[in-house]
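> below: sequence and its predicted model.
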There are 2 protein chains.
Amino acid sequence: MREVVILGVSMTKFGISELSMKEMFAQAALEALEESNIEARDLEALLIGNVLGVFEESQGNIAPLLGAEIGIRNDAPTTRFEGACASATVAIRHGALMVASGIYDIVMVGGTERTTIMGTPLATKTFAMGSHSEYERFAGITFPGVFGMLAHQYSRKYGIPLQDLKKSMAQVAVKNHDNGSLNPHAHFQKKITIDTVLESPMIADPLQLYDCCPFSDGAAALVVADATKFKGQVSKPVYFIGTGQGTAGTIYSQKDITRIVSREASIKEAYKQASIGPKDVDVCELHDCFTIAEIVASEGLGFFEYGKGAAAADHGDTSRKGKIPINPSGGLKAKGHPIGATGAAQAYEIVKQLRGECGERQVEGAKVGLVDTLGGDLCTACHLIFRR
Amino acid sequence: MREVVILGVSMTKFGISELSMKEMFAQAALEALEESNIEARDLEALLIGNVLGVFEESQGNIAPLLGAEIGIRNDAPTTRFEGACASATVAIRHGALMVASGIYDIVMVGGTERTTIMGTPLATKTFAMGSHSEYERFAGITFPGVFGMLAHQYSRKYGIPLQDLKKSMAQVAVKNHDNGSLNPHAHFQKKITIDTVLESPMIADPLQLYDCCPFSDGAAALVVADATKFKGQVSKPVYFIGTGQGTAGTIYSQKDITRIVSREASIKEAYKQASIGPKDVDVCELHDCFTIAEIVASEGLGFFEYGKGAAAADHGDTSRKGKIPINPSGGLKAKGHPIGATGAAQAYEIVKQLRGECGERQVEGAKVGLVDTLGGDLCTACHLIFRR
């Protein structure tokens, strides 16, 4: 396998956008090309994440249209990946592996999504289609429901009273909003307190409104290339050094949803490829669709022992100056969650952190960064590891 | 790049199914595993095409659920590709390239779709989302409309009176229904005449009902593996030897839609990879969504000069015993068109033809076979080349 370098990266501000999916993507993509010192005709392929385009703008087969929007060549394949929230992460994984293995020399990867145009009821209904349609969605399970159950199971399994766990979960929200307040691209840029969370409306017991990430609009793009040929294009090259992708079935087929088997299989492979372990990770963007999701992810990735993630959040171990800084961008919770673009924005943040370009939210001296994304009802997980 | 072999293959009967997308896929997949003499736990990945699952069965992120249905491992990535009608072809391309380049040793590729459950109005509406939502669909362009315009342009450009062209187009339908009558998996298994076509209702001038392929339900699956390690698994190995994938933008940005630029870019790369030219192809499954589509494809792939494809259809050059047998399966026209499964069924037919297992519809002595699939309004094209 060849050494793979990340050249230019860009993302739109996440939030509520009046731009179309294609316009948002074009904005991020053209900025990423400019930062890479290349033109669209230099790209050999485009690999893109998008989830709900058919509901958002009645747009299927979006990949060639995004390619055409930026002026890609006719002989450059343009491919859409859909793996629910992990769509862009899966697109980046495939692009990076195809460069590593010599199939392409230089590609663009990314994602775009415009959830807010649908309105919350349709967004909620269509987004729930990422769960199993016969066994889960029909039974009334929603994503907040899954993670609500997970929080109850976590509380019982580890003997942590629910009220205590809820305070730890609230700390996750406070920390991620604090980080988001320093990120000009974040959907929410204001700090909150523990009380903001605990006094917010109940969504799916024990998850309250501020335990949940928002629906957002946004796009992000990265240029990925063979390092031998292209690293001279940029002054601060960041390298892709490992990836994993894991699979699971329905929730009822899983013995213990506090241990997400798709994640555990995926991160094991990613660490192996990168020849590192969790102790080597300096900064991590992980899938905090709900506050409890960040806690179990911090355990599943090996940063803390199982059952210790909640206490670690309490102790500030995941803050920007903590033992393992998690979601310095604000995460899905505060930066926002444009579903099919989320993984690309996570990768954007890690690349910017490893370049030392994150201003007030910079994790000092970060050399190795990890992206973790879940898709569907715990059934897809994908990881990307980068180093400078 | 390593030598890549196709092990087991299977497809469901195409038509109207009472099985769900997952059940149809499981049927094809389990048969393909059995024919490969392996088990689901031997698979390192699943790459799948599906287009309208969210409308058909409210099912997004279908890949891990299909994987779980057959018992795939947690560490095997499961990935959905969506490129309109070319979805499964793009999935196969990626699976085969990832095996060729050493990323995986053995994977399953395929597709599943259940269009008929939606009813024709919703199927037509949602399927049209494969065109550009702002510039084409909003302008009232449908897929029959695009290929109707293409037929008019072909008639004018080459000075072929429309009534003559319509007879050539009808010959394509007659030939493909003749082939379909010999295919037990075909949606339509009855022969038709020129008059059947010319007396059928007008759909989008000059396309009549029998110029158009149907919506179908169906699934297909293939096991793709590193030849060095796995070719001993089967008695009649067939090899993957080349692929291309091309891109184009909106129709209005294309100077001449009788020359489909995405196809021309893609097939050039595929022939180059396979070190062959059109004269070396013994059998071809191509994208005959409409009869005129087969005629322009037969030119774009290099079998006939531009403007000569209609005459070639008249002369029987594309029949099973003709110069270049096209769509011996019956094609999309008679075998049927379950959108996200179509490319996998095309590959199934080519593998079966190269093994000499096609009974009455067998193309004698076929050694090299080509799959051609279009997706969207001419904006995605993908090719696969196989040899025995």
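Received the coordinates, thanks.

> residues touching the nearest residue to residue A:327 once chain neighbours are set aside, list them.
Sequence neighbours aside, residue A:176 is the residue nearest to residue A:327 in space, at 5.3 Å (criterion: C-beta to C-beta, 6 or more residues apart in numbering or on different chains). Placement of C-beta: from N, CA and C, glycine included. Shown in contact with residue A:176 (C-beta atoms under 8 Å, 6 or more residues apart in numbering or on different chains): A:288, A:294, A:327, A:330-331, A:333-334.

> switch the cut-off to 6 Å
A:327, A:330-331, A:333-334 (C-beta atoms under 6 Å, 6 or more residues apart in numbering or on different chains).

> need the longest helix for chain A.
In chain A, with assignment by DSSP state H, the single longest helix is helix A:162-180.

> pull out the buried residues from that one.
A:165-180 (16 or more other C-beta atoms under 10 Å in any protein chain shown).

> and the helix or strand following that helix, what's its mean pLDDT?
Where DSSP states H and E defines the elements, the next helix or strand beyond helix A:162-180 is helix A:194-198. Average pLDDT, helix A:194-198: 98.

> which residues touch helix A:194-198?
Contacts of helix A:194-198 with the rest of the structure, by C-beta under 6 Å, 6+ apart, involve A:170, A:173, A:210.

> tell me the secondary structure at the residue of the stretch 1-150 of chain A found nearest chain B.
When scored by C-beta to the nearest C-beta, the stretch 1-150 of chain A has residue A:68 as its residue closest to chain B, at 2.7 Å. The local conformation at residue A:68, judged by DSSP: H, G, I helix; E, B strand; the rest coil, is helix.

> so what's it up against?
Residue A:68 neighbours (C-beta under 6 Å, 6+ apart): residue B:249.

> hmm, 7 Å instead?
B:248-250, B:253 (C-beta atoms under 7 Å, 6 or more residues apart in numbering or on different chains).

> list just the nearest of the residues you listed to chain A.
residue B:249 (2.7 Å).

> if we ignore the residues flanking it in sequence, what's nearest the closest one?
Once flanking residues are discounted, residue B:249 sits nearest to residue A:68: 2.7 Å by C-beta to C-beta, 6+ apart.

> now do the SS call for residue A:284.
Three-state assignment for residue A:284 (three-state DSSP): strand.

> ok, it to residue A:366 distance?
Using C-beta to C-beta, to the nearest Å, we find residue A:284 at a distance of 10 Å from residue A:366.

> which one's more surrounded, these two?
More crowded of residue A:284 and residue A:366, by other C-beta atoms under 10 Å in any protein chain shown: residue A:284, with 28 against 23.

> hang on, the more buried one packs against residue A:326?
Yes - between residue A:284 and residue A:326 there is a contact under C-beta atoms under 7 Å: 5.1 Å.

> what residue lies at the spatial centre of chain A?
The residue lying closest to the centre of chain A (C-alpha atoms, centre = their mean) is residue A:343, at 3.5 Å.

> just how off-centre is stretch A:171-184 within its chain?
How far stretch A:171-184 lies from its chain's middle: 16 Å, per C-alpha atoms, centre = their mean, to the nearest Å.

> could I get the CA-only coordinates of it as CSV?
Coordinates of each C-alpha in stretch A:171-184 appear next as CSV, following Å, rounded to 0.1, in the frame of the first residue of the first chain:
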residue,chain,number,x,y,z
GLN,A,171,-21.2,17.3,31.0
VAL,A,172,-20.6,15.9,27.5
ALA,A,173,-23.1,18.5,26.1
VAL,A,174,-21.6,21.3,28.1
LYS,A,175,-18.1,20.4,26.8
ASN,A,176,-19.2,20.1,23.2
HIS,A,177,-21.1,23.4,23.2
ASP,A,178,-18.0,25.0,24.8
ASN,A,179,-15.9,23.7,21.9
GLY,A,180,-18.6,24.7,19.4
SER,A,181,-18.5,28.3,20.8
LEU,A,182,-14.9,28.5,19.5
ASN,A,183,-15.7,27.0,16.0
PRO,A,184,-16.9,29.5,13.4
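
> now stretch A:104-112: average pLDDT?
Stretch A:104-112 comes out at a mean pLDDT of 98.

> so which bits of the helix or strand bottoming out on mean pLDDT in chain A are buried?
The weakest-scoring helix or strand in chain A, judged by mean pLDDT, DSSP states H and E, is helix A:120-127 (a mean of 88). By neighbour count on 16+ other C-beta under 10 Å, the buried set for helix A:120-127 is A:123, A:126-127.

> picking that back up, nearest to residue B:224, of the contacts of helix A:194-198?
Residue B:224 lies nearest to residue A:173 out of those, by C-beta to C-beta, at 45.1 Å.

> quick one: the closest one and residue A:290, what's the gap?
If you go by C-beta to C-beta, the gap between residue A:173 and residue A:290 works out to 9 Å.

> need the overlap of contacts for the two.
Shared contacts of residue A:173 and residue A:290, defined by C-beta under 7 Å, 6+ apart, comprise residue A:211.

> hmm, residue A:237 is touching residue A:5, no?
Yes - here residue A:237 reaches residue A:5: they are 4.7 Å apart, a contact under C-beta under 7 Å.

> who has more neighbours, these two?
Neighbour count, other C-beta under 10 Å: between residue A:237 and residue A:5, residue A:5 has more, with 25 against 19.

> next, give phi and psi for the more buried one.
Dihedral pair for residue A:5: phi -120, psi 150, per degrees, to the nearest 10.

> name the nearest residue to it, sequence neighbours excluded.
That would be residue A:227: by C-beta to C-beta, 6+ apart, it lies 4.1 Å from residue A:5.

> then residue A:347?
residue A:371 (5.3 Å).

> just to revisit the earlier point, of the buried residues of helix A:120-127, which are in range of chain B?
residue A:126 (C-beta under 7 Å from any C-beta of the partner chain).

> and which of the buried residues of helix A:120-127 is nearest residue A:199?
residue A:123 (24.9 Å).

> follow-up on the earlier one: buried subset of the contacts of residue A:176?
Among the contacts of residue A:176, those buried by neighbour count (16+ other C-beta under 10 Å) are A:327, A:330-331, A:333-334.

> can you list which of those are found in strands?
In strands, judged by DSSP state E, none of those are found.

> determine which two of these are furthest apart.
A:327 and A:334 (8.2 Å).

> mutual contacts of those two, please.
Common neighbours of residue A:327 and residue A:334 (criterion: C-beta under 7 Å, 6+ apart): A:176, A:179.

> ok, the nearest residue to residue A:205 once chain neighbours are set aside - contacts?
Distances taken as C-beta to C-beta, 6+ apart put residue A:148 closest to residue A:205, at 5.6 Å, once the chain neighbours are dropped. Shown in contact with residue A:148 (C-beta under 7 Å, 6+ apart): A:204-207.
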